[in-house]
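**Student:** I would like to see how this sequence folds:
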Amino acid sequence: MKELAERDATGELATIYAEIRHLCGVPYVSSMQRHLATRPGWLEWAWTAIRPAFASGVAQTSAWRAVDALPVLRVPPLSRAALRVFGVDDAGEASVRAVCDSFYRASPTNLVFSGLLRRLLTGDRPVGNASDDAKWTPPDALPPLPALVDVTTLPAAERGVLLSVSTPVDGQPFVPGLYRMLAQWPAFMAHVSTTLQPHFVASETHAMCAALLRAIDAEIPSVFAALPRLPAQPAAPPAREHAGVLAALDAYRKTSPEMILFSRAIRDALPNDDCAPAA
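**Tutor:** Purely as a prediction, here's the structure:
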């Protein structure tokens with residue numbers, strides 16, 4: 001799936017990227033927004049319409065509240081000695097924690113973002129009075145994250161590990177950013193892939209993902225109702241492009257709940273020297 005990397009964003013898109021990072025308290029922009037940015041005018045229009053819910057903090061707090069009320073997935077814990085065997089040193093361990101915390105924080109807000117956008121694309125129009133200049137203090141930003149690994153440049157075995165955790169989108173494998181970052185430590189990522197494989201098809205996982213989506217979906221109507229009327233500019237993208245964006249949102253609707261469950265599970269399996277994942 002095409003994406004506009006953060007380093008390549010300029011002008012209004014760079015401004016939007018910076019706002020998303022700030023308002024969600026994360027050090028990266030998710031692949032959903034990076035994909036929308038490759039479609040001319042899409043991220044600019046969507047963010048203009050949806051931004052008031054994020055500027056006020058309503059979108060984020062609703063998302064995090066829904067997720068924190070749900071059960072968590074458990075996987076076998078890892079010792080620090082095992083991490084070192086997997087090539088994860090002290091600095092690497094801190095980075096792995098930051099990666100997991102970031103996805104646990106960002107994925108719920110992405111589901112709210114996509115839920116609001118879906119309503120716009122299916123014809124709903126907000127009539128609320130939320131202001132896009134509302135003041136809200138986001139949580140402290142998480143530490144910088146490792147770079148996303150380019151799957152196509154990896155040795156065959158490492159590429160195979162990442163493809164084993166991919167999701168097909170438009171006939172092509174989509175590897176979520178969580179795994180592309182953890183691939184900085186190939187042996188650790190191989191362990192993660194092996195540990196998570198049974199959970200990808202487990203009925204318990206599917207039930208937890210469904211419960212998570214229901215909890216997020218239950219928050220959407222009230223968040224949407226508070227949005228102000230759509231401004232005249234920027235103009236909505238052509239209707240002929242809506243189906244393609246809705247299909248992309250469907251793909252993220254599958255992967256985002258998994259990112260919440262699995263990032264938390266990986267984080268909780270690390271040596272327990274500090275607090276639970278930031279939300």
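
**Student:** I figured residue 95 was touching residue 146, is that so?
**Tutor:** Yes: the pair residue 95 / residue 146 is scored as a contact, 5.5 Å apart, by CB atoms under 8 Å. Quick note: C-beta positions are derived from backbone N, CA and C, even for glycine.

**Student:** strands along the stretch 51-200 of the chain, start to end?
**Tutor:** Secondary structure of the stretch 51-200 of the chain (DSSP state E, counting those that start in this stretch): strands located at 167-169, 172-174.

**Student:** for residue 231, find the nearest of the ones you listed.
**Tutor:** strand 167-169 (30.9 Å; CB to CB).

**Student:** report the mean per-residue pLDDT for the closest one.
**Tutor:** Per-residue pLDDT over strand 167-169 has a mean of 78.

**Student:** other SSEs contacting it?
**Tutor:** Helices and strands touching strand 167-169, by 3 or more CB pairs under 8 Å, 6 or more residues apart in numbering; DSSP states H and E, are strand 172-174, helix 242-269.

**Student:** show me how far that strand is from its chain's centre.
**Tutor:** Its chain's C-alpha centre and that of strand 167-169 lie 16 Å apart, by CA atoms, centre = their mean, to the nearest Å.

**Student:** low-confidence stretches in the stretch 51-200 of the chain?
**Tutor:** Filtered on pLDDT under 70, the stretch 51-200 of the chain yields the residue ranges 130-134, 170.

**Student:** tell me where it has helices.
**Tutor:** For the stretch 51-200 of the chain, the helices defined by DSSP state H, counting those that start in this stretch cover 58-68, 80-85, 90-121, 156-163, 177-182, 186-200.

**Student:** residue contacts, residue 235?
**Tutor:** Neighbour list for residue 235: 41, 45 [criterion: CB atoms under 8 Å, 6 or more residues apart in numbering].

**Student:** er, residue 258 I mean
**Tutor:** Counting by CB under 8 Å, 6+ apart, residue 258 makes contact with 176, 200, 205, 209.

**Student:** which pair of the residues you listed spans the longest distance?
**Tutor:** The largest separation in those, counting by CB to CB, is between 176 and 205 at 14.8 Å.

**Student:** so for those two, which sits in the more crowded spot?
**Tutor:** Shown here are residue 176 and residue 205; by other CB atoms under 10 Å, residue 176 has more neighbours (22 against 19).

**Student:** how many residues are close by the spatially closest residue to the more buried one that is not a sequence neighbour?
**Tutor:** Nearest non-adjacent residue to residue 176, counting by CB to CB, 6 or more residues apart in numbering: residue 255, 5.2 Å away. With neighbours defined by other CB under 10 Å, the count for residue 255 comes to 23.

**Student:** same question, residue 166
**Tutor:** 15.

**Student:** just checking, it touches residue 178?
**Tutor:** No: applying CB under 8 Å, one finds residue 166 not in contact with residue 178, separated by 11.8 Å.

**Student:** ok so, going back, and residue 95 and residue 146? Which one has more around it.
**Tutor:** Comparing residue 95 with residue 146 by other CB under 10 Å, the one with more neighbours is residue 95, at 20 against 16.

**Student:** so what's the closest residue to residue 186 other than its chain neighbours up against?
**Tutor:** Spatial nearest neighbour of residue 186, chain neighbours left out: residue 158 (5.0 Å); criterion: CB to CB, 6+ apart. Neighbour list for residue 158: 183, 186, 189 [criterion: CB under 8 Å, 6+ apart].

**Student:** most neighbours, which of the residues you listed?
**Tutor:** Counting by other CB under 10 Å, top hit in these: residue 183 with 26 neighbours.

**Student:** before we move on, could you check phi and psi at that one?
**Tutor:** Per-residue torsions, residue 183: phi -70, psi -10 (degrees, to the nearest 10).

**Student:** OK, contacts around it?
**Tutor:** Contacts for residue 183 (CB under 8 Å, 6+ apart) come out as 149, 151, 154, 158, 161, 162, 189.

**Student:** middle-most residue in the chain, spatially?
**Tutor:** residue 107 (3.3 Å; CA atoms, centre = their mean).

**Student:** surely that residue is in contact with residue 263?
**Tutor:** Yes: using CB under 8 Å, residue 107 is in contact with residue 263, at 7.2 Å.

**Student:** so residue 269 sits against residue 79, correct?
**Tutor:** No: contact criterion CB under 8 Å: residue 269 and residue 79 do not qualify, at 10.1 Å.
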